[in-house]
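what's the 3D shape of this:
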Amino acid sequence: QVQLVESGGGLVQAGGSLRLSCAASGRTFRTYDMGWFRQAPGKEREFLGVIEWTGGRTYYVDSVKGRFTISRDNAKNMVYLQMNNLKVEDTAVYYCAGTPDVLTLAPLTPLDFKIWGQGTQVIVSS
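Model prediction:
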């Protein structure tokens, strides 16, 4: 059973950067497609992007494309979300999620993923 733990959240000024990490347990992690979501207070969980199990392909939603980058290191059982040029509206709890299913690299929903981390808070101040 793969389990996920996010870290790296915190307080940052607008225009700054943060890198979130998602540590996975379990050898089968390296066969999982992995995604990142976020959820702001009073809003639905929002899909940000996905990386396929090989790390060779990624997909991002327009709101973060060019600012956020997902990468993974299967040897270390890690997935990362590099966030640059952060905006106040990026403030949210960020979640990594995974699935052993082969995903279409397109807009996805929480239902497409089987396992979730507990989330890490990101606050962007003006």
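
need the strands for this protein, in chain order.
Counting by DSSP state E, the segments of the chain that form strands are 3-7, 10-13, 18-25, 33-39, 46-51, 58-60, 68-73, 78-83, 92-99, 115-116, 120-125.

For residue 108, find the nearest of those strands.
strand 46-51 (5.1 Å; CB to CB). All C-beta atoms are positioned from the backbone trio N, CA, C, and that covers glycine.

In that closest one, which residues are buried?
Within strand 46-51, the residues that count as buried by 16 or more other CB atoms under 10 Å are 46, 47, 48, 49, 50, 51.

How about stretch 62-69?
Here stretch 62-69 shows 64, 68, 69 as buried, counting by 16+ other CB under 10 Å.

Turn these into a markdown table, including pLDDT and distance to residue 114.
Compiled in a markdown table, the buried residues of stretch 62-69 are given as follows (pLDDT from 0 to 100; distance: CB to CB, whole Å):
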| residue | pLDDT | distance to residue 114 |
| --- | --- | --- |
| 64 | 96 | 23 |
| 68 | 98 | 23 |
| 69 | 98 | 24 |
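
sorry, back to before: what would the strands of the chain look like in JSON lines with distance to residue 109?
Shown next, in JSON lines, are the strands of the chain (distance: least, CB to CB, whole Å):
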{"stretch": "strand 3-7", "distance to residue 109": "18"}
{"stretch": "strand 10-13", "distance to residue 109": "27"}
{"stretch": "strand 18-25", "distance to residue 109": "19"}
{"stretch": "strand 33-39", "distance to residue 109": "9"}
{"stretch": "strand 46-51", "distance to residue 109": "7"}
{"stretch": "strand 58-60", "distance to residue 109": "13"}
{"stretch": "strand 68-73", "distance to residue 109": "17"}
{"stretch": "strand 78-83", "distance to residue 109": "18"}
{"stretch": "strand 92-99", "distance to residue 109": "10"}
{"stretch": "strand 115-116", "distance to residue 109": "13"}
{"stretch": "strand 120-125", "distance to residue 109": "21"}
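
Indicate which one of those strands is closest to residue 105.
strand 58-60 (3.8 Å).
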